[in-house]
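Participant: From the sequence below, what's the structure:
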Amino acid sequence: TGFPFVRNSGALIPYGAVGTHAKAAFLQTFAFVGSARGEALGVYLAGSGDAAKISDRFVDDELAGLTSAQAAAIVCEARVDADEQRFLVHLPDKTLVYYAVASQKTQEPVWAIFASGEAADQAYRGRNGVYAYGKFIVGDADGNIGYIDRSVSRHFGDIAGRRIDTALIYNEAGRGIINAIELTGLPGRAPIGSEPRIFMSWTIDGVSWSQERVISAGRAGDKAIRMQWRPNVRFNQWIGLRFREADDGQQVFARLDAAIQPLGA
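Facilitator: Residues are numbered from 1 along each chain as shown. Okay, here's the model as predicted:
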């Protein structure tokens, strides 16, 4: 009709963002934290007339545990560099990170947690990243300014812990014994004079964890070391594994192998 203010149905999505900063440009559109009317919070990728949910159950549970004030204060940002396309959701005590490329390859949402502190239990300090001069410039709540550097493992000079939790290993309701565990990757990546260590523990209920067992991840240049444990731990139905670091090491892991001996009923 020539009227300039005609409603475009393809540009309207029935979802809203939970806060003024809970969105960011991502994947040639924008992603946001919010929901439709009467629904719980989730993370969505906006499309033409609709939005696709990219959060999984864990992320939804983390969002559900926030108060109204905490949810309204969520800040999101995107970091796209080379083949890395990440969407960061900053919460009061951690940052939830969505990996777009990995999710596309695995055909399911891939998320990780960014955190600071030796136990990785504090809010992630590298926030509000701006890409300039070939690097991401970031800052923290204390007024520190820095940049993302893959050659160090500290956050603004402080040691930052790292942790990997596996999915629960289920032996078809049968019992078993884990005789050996090996992490395969790139050991021996550490500053001169330090010896990084990896702590391994396990859980048989998903709540409580065993005493940690520690091995060396190799001194600087010790790239032939094998990161192995022989726990000989028995489980009745399922078991989960946890690997933790809190030092200057820069190990990269590509594979986890476990020798499991099944037991009869």
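
Participant: Bridging across strands, which residues link to Ile113?
Facilitator: In this entry, Ile113 is beta-bridged to Leu96, by DSSP bridges.

Participant: Could you give the number of residues near it?
Facilitator: 16 (other CB atoms under 10 Å). In this view, the C-beta of every residue, glycine as well, is placed from N, C-alpha and C.

Participant: cool, the one 5 residues further on as well?
Facilitator: Applying the criterion other CB under 10 Å, we find 13 residues in the vicinity of Glu118.

Participant: Same question for Leu263.
Facilitator: Neighbours of Leu263 using other CB under 10 Å come to 13.

Participant: Ok, Phe243 next?
Facilitator: Residues near Phe243, counting by other CB under 10 Å: 21.

Participant: which one is it nearest to, not counting chain neighbours?
Facilitator: Excluding its sequence neighbours, the residue lying closest to Phe243 (CB to CB, 6 or more residues apart in numbering) is Ile164, at 4.6 Å.

Participant: likewise Gly16?
Facilitator: Among residues not flanking Gly16 along the chain, Gly34 sits closest, at 5.0 Å (CB to CB, 6+ apart).

Participant: Am I right that the one you found is in a strand?
Facilitator: Yes: under DSSP: H, G, I helix; E, B strand; the rest coil, Gly34 sits within a strand.

Participant: For Arg226, see how far away it is.
Facilitator: 47 Å (CB to CB, to the nearest Å).

Participant: quick one, which of those two is more surrounded?
Facilitator: Neighbours per residue, other CB under 10 Å: of Gly34 and Arg226, the larger number sits with Gly34, 21 against 10.

Participant: Return the residues in contact with the more buried one.
Facilitator: 15-18, 22-23, 41-42, 44 (CB atoms under 8 Å, 6 or more residues apart in numbering).

Participant: could you redo the last one with a cut-off of 6 Å?
Facilitator: Gly34 makes contact with 15-18, according to CB atoms under 6 Å, 6 or more residues apart in numbering.

Participant: Quick check: of those, which has the highest neighbour count?
Facilitator: Val18 (21 neighbours).

Participant: coming back round to it: out of the contacts of Gly34, which comes closest to Gln251?
Facilitator: Val18 (36.7 Å; CB to CB).

Participant: so what pLDDT did that closest one get?
Facilitator: Val18 carries a pLDDT value of 94.

Participant: rewinding a little: can you list contacts of the helix or strand hosting the residue nearest to Phe243?
Facilitator: Per DSSP states H and E, Ile164 falls inside strand 162-165. Residues from elsewhere that reach strand 162-165 (CB under 6 Å, 6+ apart): 120, 242-245.

Participant: So for that strand, what gets flagged as buried?
Facilitator: Arg162 (16 or more other CB atoms under 10 Å).

Participant: Check stretch 244-252 too.
Facilitator: 244-251.

Participant: export those residues to JSON lines and tack on distance to Gly218 and secondary structure?
Facilitator: JSON lines is the format used below for the buried residues of stretch 244-252 (distance: CB to CB, whole Å; DSSP: H, G, I helix; E, B strand; the rest coil):
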{"residue": "Arg244", "distance to Gly218": "17", "secondary structure": "strand"}
{"residue": "Glu245", "distance to Gly218": "12", "secondary structure": "strand"}
{"residue": "Ala246", "distance to Gly218": "16", "secondary structure": "coil"}
{"residue": "Asp247", "distance to Gly218": "12", "secondary structure": "coil"}
{"residue": "Asp248", "distance to Gly218": "13", "secondary structure": "coil"}
{"residue": "Gly249", "distance to Gly218": "8", "secondary structure": "coil"}
{"residue": "Gln250", "distance to Gly218": "11", "secondary structure": "coil"}
{"residue": "Gln251", "distance to Gly218": "8", "secondary structure": "coil"}
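
Participant: Turn those into CSV, including distance to Ala72 and pLDDT.
Facilitator: Shown next, in CSV, are those (distance: CB to CB, whole Å; pLDDT from 0 to 100):
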residue, distance to Ala72, pLDDT
Arg244, 33, 92
Glu245, 34, 92
Ala246, 33, 89
Asp247, 37, 88
Asp248, 38, 86
Gly249, 38, 85
Gln250, 37, 83
Gln251, 38, 83
